[in-house]
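Visitor: Structure for the following, please:
(one chain, ligands or ions: 1)
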Amino acid sequence: SVMREVAGINQMEKELEKKLQIKRVIIVAGDSDHSPWLKKELGLATANCMKSLLKGNNIIAVNGGTTMAAVAEMLTPNIVDGEWLFVPARGGIGEDVKNQANTICSMMADRTASKHRVLYAPDEVSKEMYKSIVKDARINEVLQLIKSASLLIHGIGDAITMAERRSTSASDLEKIVQAEAVGEAFGYYFNEDGEVVHKVQTIGLRLENLSTVPNVIAVAGGSSKSKAISAYLKKAPPSTILITDEGAAKNLI
Ligand code: F6P
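Guide: Residues are numbered from 1 along each chain as shown. Prediction:
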């Protein structure tokens, strides 16, 4: 029965919160690998979670990807209490324009009648370029805003899928494969133990800044992402809220 299913999911959420040692786990029924529309359900759950977490004025840092695009689609003005400002968490990192953080922030702002900022930065930068680029006033302003975000929302991806989806160089791809990376989040590639084995050199939020963000929502579903989710969560801040689906959750238990 429906009631039994709901009870089962509730129990799985509680078990996973304990096992993964994070603040909350929210599971939507189904597996987004087999039902692409489930991404919208993940988006809806995220929108509701944002509404309950955020009161008053907030800066929200956002990452790219198709899941974040689905979150953007499900946002509505009535979830906002106060004023929101959306900022991209990291520079381009090689995604299609529609899946880039800049585009998603602008969509989220449109859908909630809020404001957004653009991070004018290339996907990958050299060390020299990095040093000069962070001095640019427009970029620096966004970097400061990212640091004062009260919420970060981000996706998690399978490492090889992400390396292939971006135009990763042959040598970096080799490095990622050799290091047995299984997961990726905001430009960092993780192995099964949650160790960073490669990072895309771009500007924006760094892994070490994550613990200072009061609220973090990771949204990722589909059984094919379970290894990636489990790897990343080994090092994720305890304040993390995971919004996932049954397909991924079953493999995480
Ligand atoms: O490239 C941005 C990004 O957020 C990655 O960090 C993450 O691995 C990926 O997108 C998730 O993409 P999707 O939601 O399309 O699986």
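
Visitor: Around the ligand, pick out the residues from the stretch 101-250 of the chain.
Guide: Counting by C-beta under 6 Å from any ligand atom, the positions of the stretch 101-250 of the chain adjacent to the ligand are 154-157, 162, 184-186. Where you see a C-beta, it was placed from the backbone N, CA and C, and this is true even at glycine.

Visitor: quick one: which of the residues you listed is nearest the ligand?
Guide: The ligand lies nearest to G157 out of these, by C-beta to the nearest ligand atom, at 2.4 Å.

Visitor: neighbours around the closest one, how many?
Guide: Here the number of neighbours of G157 (other C-beta atoms under 10 Å) works out to 23.

Visitor: With adjacent residues omitted, what lies nearest to it?
Guide: Leaving aside its chain neighbours, G157 sits nearest to E184 (4.6 Å; criterion: C-beta to C-beta, 6 or more residues apart in numbering).

Visitor: re earlier: among the residues of the stretch 101-250 of the chain next to the ligand, which two are most distant?
Guide: Within those, H154 and M162 form the most distant pair, 12.6 Å apart (C-beta to C-beta).

Visitor: Name the SS class of the residue nearest to G157, please.
Guide: Three-state call for E184 (DSSP: H, G, I helix; E, B strand; the rest coil): strand.

Visitor: my read: it touches A159, true?
Guide: Yes: judged on C-beta atoms under 8 Å, E184 makes contact with A159 at a distance of 5.0 Å.

Visitor: Could you give the secondary structure assignment for V118?
Guide: What three-state DSSP gives for V118 is coil.

Visitor: Quick check: it vs the ligand, distance?
Guide: 16 Å (C-beta to the nearest ligand atom, to the nearest Å).

Visitor: same question, T240
Guide: According to C-beta to the nearest ligand atom, T240 and the ligand sit 15 Å apart.

Visitor: Return the backbone torsion pair for that residue.
Guide: Main-chain torsions, T240, degrees, to the nearest 10: phi -60, psi 140.

Visitor: pLDDT score assigned to it?
Guide: pLDDT, T240: 97.

Visitor: Ok, I60 next?
Guide: Taking I60 on its own, its pLDDT is 98.

Visitor: list residues touching both of E184 and A159?
Guide: Residues touching both E184 and A159 (C-beta atoms under 8 Å, 6 or more residues apart in numbering): 190, 228.

Visitor: quick one, which of these two is more surrounded?
Guide: Neighbours per residue, other C-beta under 10 Å: of E184 and A159, the larger number sits with E184, 29 against 26.
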